[in-house]
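*Asks:* Show me the folded form of this:
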Amino acid sequence: MAYILHTNSLLTYLALCFLLLNFCSCFNPKLLDVSKLQSDSEWSPAVVTWYGSANGAGSTGGACGYEDAVGEPPFSSLITAAASSLYKSGKSCGACYQVKCTENTACSGNPVTVVITDECPGCDSESVLFDLSGTSIGDMATTSQADQLRNAGRVQIQYRRVECNYPGVRLTFRVDAGSNSNYFAVVIEYEDKDGDVASVELKQASDSDSWVPMQQSWGAVWKLNSGNSLQAPFSIKITGDSGQSLVANNVIPAGWKPGNIYRSVVNF
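*Replies:* You can find the predicted model right below:
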């Protein structure tokens, strides 16, 4: 009897081992796309509309002050106006978001990255609303279904904040046309990562140690009204929403001109 019990116990033990080995061979944690699960949980609901021409960049420039740059690389018309909850009085100019739609039959379900370049006045009927360019909403559609998606008018979507990424593009500074020797204003474009700007400081050639805070004028335009003659070249320090700072040394040269564009050699 003892021998039989021992044999049964051994058989039970072997059976358990067999099951465990098979479970281990089938279960592979690498097969679970954890990053995808985490990414999906980051999406939030919103509504989109669109404006401008079907294959355009919304309006020329918009409330951020980027002017014709909205239709040119790297923005390439993949832009959006935003309701006040997202626009934040211009503080979100340059911020990047991914948007995707799945509820309309014309939706591809693939995410499209857009940049806030404009405000959508009167768009606060929804807690979160993106007023996309015609190009942006068309890019959310399946092949040949862009017009069908545009014709839907208001579309339920999912969105999430993402880092901006402009490969090979450096921070760009376009001097405002109203700038002079005592007043300097500049539009800051193409910030990687955060995309938007939390604060800007300027350092003159005549004072190598002092950073002077600039004030947001409107949109992505930052100004310094010193009341005294400013001495170029200027270095500009930008701090993003995350707190990370970057310095563009001597990016505005001596002899700068209002309306000119000056490109740095750095980006976040």
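*Asks:* Helices of the stretch 51-200 of the chain, residue ranges please.
*Replies:* If DSSP state H, counting those that start in this stretch is used as the criterion, the helices of the stretch 51-200 of the chain fall at 84-87, 134-139, 146-151.
*Asks:* Indicate which one of those is closest to I238.
*Replies:* helix 84-87 (19.6 Å; CB to CB). Glycine gets a C-beta too; all of them are placed from N, C-alpha and C.
*Asks:* list the helices and strands that closest one packs on?
*Replies:* Using 3 or more CB pairs under 8 Å, 6 or more residues apart in numbering; DSSP states H and E as the contact criterion, the neighbours of helix 84-87 among helices and strands are strand 112-119.
*Asks:* Can you report how many residues lie near A220?
*Replies:* 26 (other CB atoms under 10 Å).
*Asks:* OK, contacts around it?
*Replies:* Contact analysis of A220 by CB atoms under 8 Å, 6 or more residues apart in numbering lists C64, G65, Y66, G90, C93, G94, V187, I188, E189, V197.
*Asks:* which one is it nearest to, not counting chain neighbours?
*Replies:* By the measure of CB to CB, 6 or more residues apart in numbering, the closest residue to A220 outside its immediate chain neighbours is C93, 4.1 Å from it.
*Asks:* what bridges to the residue sitting nearest the centre point of the chain?
*Replies:* The C-alpha lying nearest the average C-alpha coordinate of the chain belongs to C96 (CA atoms, centre = their mean; 1.2 Å). Partner residues in beta bridges with C96, using DSSP bridges, are V115, V162.
*Asks:* residue ranges with poor pLDDT in the stretch 1-150 of the chain?
*Replies:* Applying pLDDT under 70 to the predicted model, the residue ranges of the stretch 1-150 of the chain that meet it are 1-41.
*Asks:* Strands of that one, residue ranges please.
*Replies:* Defined through DSSP state E, counting those that start in this stretch, the strands belonging to the stretch 1-150 of the chain, from first to last, are 44-51, 79-82, 96-100, 112-119, 129-133.
*Asks:* Please state the offset of the third one from the chain centre?
*Replies:* The gap between where strand 96-100 is centred and where its chain is centred comes out at 8 Å by CA atoms, centre = their mean, to the nearest Å.
*Asks:* Next, the angle from it to strand 44-51.
*Replies:* Orientation note: strand 96-100 sits at an angle of 90 degrees relative to strand 44-51 (axes from the mean of the first three to the mean of the last three CA atoms, to 10 degrees).
*Asks:* What lies in contact with strand 96-100?
*Replies:* Here strand 96-100 makes contact (CB under 8 Å, 6+ apart) with 43, 46, 48, 80, 107-116, 130, 132, 136, 140, 157-165, 195.
*Asks:* Kindly recompute the last result at 6 Å.
*Replies:* With contacts defined as CB atoms under 6 Å, 6 or more residues apart in numbering, strand 96-100 is touched by 111-115, 157-162, 164, 195.
*Asks:* Tell me how far D192 lies from S264.
*Replies:* Between D192 and S264 the distance is 12 Å, computed by CB to CB, to the nearest Å.
*Asks:* re earlier: show me the contacts for the residue nearest to A220.
*Replies:* The contact partners of C93, by CB under 6 Å, 6+ apart, come to C64, I116, G219, A220.
*Asks:* Would you format those residues as CSV with distance to S210 included?
*Replies:* Rendered in CSV, the data for the contacts of C93 read as follows (distance: CB to CB, whole Å):
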residue, distance to S210
C64, 29
I116, 32
G219, 27
A220, 24
